[in-house]
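In: below is the sequence, then the predicted model.
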Amino acid sequence: MTGPTYERETTALLVVDPYNDFISEGGKIWGRIRAVAEANGCVPHMLQVLNAARNAKLKVFYALHHRYRPGDYETWKYIAPIQKAAWRHKTFEYGTWGGEIRPEFAPRPGDVVATEHWCSSGFANTDLDLQLKRHDIQRLIVIGLIAHTCIEATVRFAAELGYDVTVVKDATADYSDEEMHAALHINIPNYASAIVGTEEILASLAALEDVGGRVVTADSRAGAATSVETKRGIHR
């Protein structure tokens, strides 16, 4: 079975909320997602996909949740339940370890960090859509946290805006198997064109060849090479 194929120039990796509070021992939310995250290898898979995307020279974008600062929400008339929880726990607090990106996932020069989102969607009230369009990105490979909140909301919004989305199912996690199932098997399939495992996406990215700027799978590699040699022969 061949994996999805992508055009290098119009495809990007979108990394959602790789904060210490989510994915590091001692993080405020790590204890709640640990069982699911360790069962599917979420954190190492996230890192594998990120490194593979960099090696494949795909553009990397970050969609980061708002980091709590003193005074946040205090004058708001209406606050969503998920925001009340962030306020109560001071999740991703600015200036603290928990509000920092886990070092292995830190943005590098050339990466694009969108403005922080206040609720769940990486697109709502941020410049993510603008940044993607300015870089001519049309397709997204999505990894990060949490499956039924920020990942699902971001994928839904991406589909509304016309992006083609791939979700890496074992490079995300959730509070429970039930919530993970609801996100990946009930809700997200309505919006993502592909939901794949890390092994499958790595195969696509590892097979990156400069044949018309496309990512080709290992199964199509030989055919592409033959085509290139044939074209070269014509011009000799």
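Out: Noted; the coordinates are in hand.

In: so, low pLDDT: which residues of the chain?
Out: 1-2, 209-236 (pLDDT under 70).

In: and the strands in it?
Out: 6-7, 11-16, 59-63, 112-113, 139-144, 164-168, 194-196, 208-211, 214-215 (DSSP state E).

In: looking at these, which is closest to A35?
Out: Distance to A35, taken as C-beta to C-beta, is lowest for strand 139-144 among these, at 18.0 Å. Quick note: C-beta positions are derived from backbone N, CA and C, even for glycine.

In: by contact count, what packs against the closest one?
Out: Using 3 or more C-beta pairs under 8 Å, 6 or more residues apart in numbering; DSSP states H and E as the contact test, the elements touching strand 139-144 are strand 6-7, strand 11-16, helix 42-55, helix 152-160, strand 164-168.

In: related to what we said a few turns ago, of the strands of the chain, give the one that comes closest to K77.
Out: Nearest of the strands of the chain to K77, taken as C-beta to C-beta: strand 59-63 at 26.2 Å.

In: let's have the strands of the chain in a markdown table, adding distance to K28 and mean neighbour count.
Out: Formatted as a markdown table, those follow (distance: least, C-beta to C-beta, whole Å; neighbours: other C-beta atoms under 10 Å):
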| stretch | distance to K28 | mean neighbour count |
| --- | --- | --- |
| strand 6-7 | 35 | 19 |
| strand 11-16 | 17 | 26 |
| strand 59-63 | 19 | 22 |
| strand 112-113 | 22 | 17 |
| strand 139-144 | 16 | 26 |
| strand 164-168 | 24 | 23 |
| strand 194-196 | 28 | 19 |
| strand 208-211 | 37 | 15 |
| strand 214-215 | 37 | 19 |
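
In: redo the ones you listed as JSON lines? Include distance to L184.
Out: Supplementary listing: those in JSON lines, determined by distance: least, C-beta to C-beta, whole Å:
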{"stretch": "strand 6-7", "distance to L184": "21"}
{"stretch": "strand 11-16", "distance to L184": "14"}
{"stretch": "strand 59-63", "distance to L184": "18"}
{"stretch": "strand 112-113", "distance to L184": "26"}
{"stretch": "strand 139-144", "distance to L184": "12"}
{"stretch": "strand 164-168", "distance to L184": "7"}
{"stretch": "strand 194-196", "distance to L184": "6"}
{"stretch": "strand 208-211", "distance to L184": "26"}
{"stretch": "strand 214-215", "distance to L184": "23"}
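
In: out of those strands, nearest to E152?
Out: E152 lies closest to strand 164-168 among the strands of the chain, at 9.0 Å (C-beta to C-beta).

In: partners of that closest one in the sheet?
Out: Applying DSSP bridges to the sheet, strand 164-168 is found paired with strand 139-144 (parallel), strand 194-196 (parallel).

In: hmm, back to that, ok, which of the helices and strands packed on strand 139-144 comes nearest K84?
Out: K84 lies closest, by C-beta to C-beta, to one member of the helices and strands packed on strand 139-144: helix 152-160, at 16.8 Å.

In: picking up where we left off before, among the strands of the chain, which is nearest I186?
Out: strand 194-196 (11.5 Å).

In: list the contacts of the closest one.
Out: G3, P4, V165, T166, V167, V168, K169, L184, I188, P189 (C-beta atoms under 8 Å, 6 or more residues apart in numbering).

In: so what's the fifth one up against?
Out: Counting by C-beta under 8 Å, 6+ apart, V167 touches V142, I151, V155, L184, I188, A192, A194, I195, V196.
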